[in-house]
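A.B. asks: A predicted structure for the sequence below; I have some questions about it.
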Amino acid sequence: MAVINRIAGFADDMTAWRRHLHAHPELSFNCVNTAAYVVDRLREFGVDDIHEGLAKTGVVALIHGRAPGPVIGLRADMDALPIPEETGATYASTIPGAMHACGHDGHTTMLLGAAKYLAETRNFAGTVALIFQPAEEDGGGAGVMVQEGMLDRFAITEVYALHNAPGVPEGQFYTTPGPIMAAVDTFHIHITGRGGHGAMPHETADPVIAACGIVQAIQTIVSRNHYALDDLVVSVTQIHTGTAENIIPETAYVNGTVRTFDPAVQTMVQRRMAEIVAGVAAGYGVTAELRYDVHYPATVNDPAKTTFAAEVAAEVVGPDMVQANAGREMGAEDFAYFLQQRPGAYLFLGQGDGAGLHNAKYDFNDRIAPIGASFFARIAERALPLEG
């Protein structure tokens, strides 16, 4: 089996939906117009129930099959990124400083395509819950939905999601059983010293030197405090300080990200970072405050559901286009919150060459939308089979 013919038949409609969404990006939980557009399409398709306002602007739509059965969840994220667009596309963002630089417009479109097909055919026993989620990039909308009881409210028993993958051959799926994406934390270090004239450093307590010392020492957490075969990333991404070449500033700020899979490693990083910040600050005669924020947990696929999802993907694109044990990576994804509560799988779908994710020149490849929609539709039909 390949792309579902009916879905291929409305590929042009999907392109139009996607490009409308691309031109009107919204950030975090503020997906008001995006959600309204999704709801309008779902009403056109004739889904059975539409529930709005989950995690502020999220939408869950239900499609009932031809016989009773369990409920499965299919999820798409809706939010964009605070990046000025540089694609030059005719449908480029009309919102200054915001764009769909991660393909969530495409994810939403793929789930809408599956919704249209499933509402027409209903070749399954049970219910499909279509989850349109805000705030994947910032705010953890999936976590908010879980806290609000969404999974229990709709009796969802398993969950699936897709993400596009630039640089991977067009139409190729990949996933892995178990951990597939890392937990993500953020650290903020505020250093306060005593400023003064750059020609008289002996009269100051220099926060710039202290910041440099802290940054260098933090790197030893990876190189000297953990087992080399345990995945760990500690990246300093911002240092802000100073105003002029002849002024030693009063303060400095250091910021970065930590990526882990093992909670014990995560705990060790927090402890060692606190010790390093306090110790280095004392050594340089400054004060330093560490704020360590724990964000999304690791995204962990259920092995059995991952095998099932890979089999479904192979039905759509052929077994040669599916990597079912591709290994894990250090990116993060708030779909992790759903997978903590329900078995399921997260997969990537290649979209060919082009700019990478979170790049001002990135654009979703509309040719893969029917592939993703067919995958979602077949997941529903295979997970909820009709008897006979």
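C.D. replies: That came through, no problem.

A.B. asks: shaky segments in the stretch 51-200 of the chain?
C.D. replies: Within the stretch 51-200 of the chain, no range satisfies pLDDT under 70.

A.B. asks: ranges for the strands of it?
C.D. replies: 58-64, 67-77, 125-133, 156-165, 173-174, 178-181, 183-192, 196-197 (DSSP state E, counting those that start in this stretch).

A.B. asks: Need the winner for burial among the ones you listed.
C.D. replies: When neighbours are counted by mean count of other C-beta atoms under 10 Å, the highest per-stretch mean among the strands of the stretch 51-200 of the chain falls to strand 125-133, a mean of 25. For glycine as for every other residue, the C-beta is placed from the backbone atoms N, C-alpha and C.

A.B. asks: May I have it exported as CSV, CA atoms only?
C.D. replies: Taking Å, rounded to 0.1, in the frame of the first residue of the first chain, the C-alpha atoms of strand 125-133 are listed here in CSV:
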residue,chain,number,x,y,z
ALA,A,125,-14.0,0.4,15.5
GLY,A,126,-13.6,2.9,18.3
THR,A,127,-12.8,6.6,18.4
VAL,A,128,-9.9,8.8,17.0
ALA,A,129,-9.0,11.8,19.2
LEU,A,130,-7.3,14.5,17.1
ILE,A,131,-5.2,16.6,19.4
PHE,A,132,-4.2,20.0,18.1
GLN,A,133,-1.8,21.3,20.7
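
A.B. asks: what angle do it and strand 67-77 make?
C.D. replies: 20 degrees (axes from the mean of the first three to the mean of the last three C-alpha atoms, to 10 degrees).

A.B. asks: what lines up beside strand 125-133 in the sheet?
C.D. replies: strand 58-64 (antiparallel), strand 67-77 (parallel) (DSSP bridges).

A.B. asks: now the longest one, how far from the centre of its chain.
C.D. replies: I take that to be strand 67-77. Strand 67-77 sits 20 Å away from the centroid of its parent chain (C-alpha atoms, centre = their mean, to the nearest Å).

A.B. asks: as a whole number, average confidence for the host helix or strand of Arg259?
C.D. replies: In the assignment (DSSP states H and E), Arg259 maps to strand 251-260. For strand 251-260, mean pLDDT is 98.

A.B. asks: For the next helix-or-strand element following it, name the packing helices and strands.
C.D. replies: Next helix or strand after strand 251-260 toward the C-terminus (DSSP H and E): helix 263-284. Counting by 3 or more C-beta pairs under 8 Å, 6 or more residues apart in numbering; DSSP states H and E, the packing neighbours recorded for helix 263-284 are strand 183-192, helix 207-224, strand 232-241, strand 251-260, strand 287-294.

A.B. asks: want to throw the ones you listed into JSON lines with distance to Ala274?
C.D. replies: Listed next are the helices and strands packed on helix 263-284 as JSON lines, based on distance: least, C-beta to C-beta, whole Å:
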{"stretch": "strand 183-192", "distance to Ala274": "10"}
{"stretch": "helix 207-224", "distance to Ala274": "11"}
{"stretch": "strand 232-241", "distance to Ala274": "13"}
{"stretch": "strand 251-260", "distance to Ala274": "13"}
{"stretch": "strand 287-294", "distance to Ala274": "6"}
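
A.B. asks: Asp230 is nearest to which of the strands of the stretch 51-200 of the chain?
C.D. replies: With C-beta to C-beta as the criterion, Asp230 lies closest to strand 178-181 of the strands of the stretch 51-200 of the chain, at 11.6 Å.

A.B. asks: hmm, who's touching the closest one?
C.D. replies: Residues outside strand 178-181 that contact it (C-beta atoms under 8 Å, 6 or more residues apart in numbering): 261, 298-301, 303, 328-333, 336, 346.

A.B. asks: Repeat the analysis, applying 7 Å as the threshold.
C.D. replies: 261, 298-301, 303, 328-329, 331-333, 346 (C-beta atoms under 7 Å, 6 or more residues apart in numbering).

A.B. asks: Among those residues, find me the one that's closest to Gln133.
C.D. replies: Glu333 (11.2 Å).

A.B. asks: Got the domain ranges for this protein?
C.D. replies: Following automatic domain parsing, one gets these domains for the chain: 5-180+299-383, 183-294.

A.B. asks: May I have the distance across the longest one, first residue to last?
C.D. replies: It stands for domain 5-180+299-383. 20 Å (C-alpha to C-alpha, to the nearest Å).

A.B. asks: likewise the shortest one?
C.D. replies: End-to-end distance of domain 183-294: 9 Å, with C-alpha to C-alpha as the criterion.

A.B. asks: gap between that domain and the chain center?
C.D. replies: That offset, for domain 183-294, works out to 27 Å (C-alpha atoms, centre = their mean).

A.B. asks: Likewise for stretch 357-367?
C.D. replies: The answer for stretch 357-367 is 15 Å, by C-alpha atoms, centre = their mean.

A.B. asks: show me what contacts the most centrally placed residue in the chain?
C.D. replies: Nearest to the geometric centre of the chain sits Glu333, at 3.6 Å (C-alpha atoms, centre = their mean). By C-beta under 7 Å, 6+ apart, the contact list for Glu333 reads 181, 296, 299, 346.
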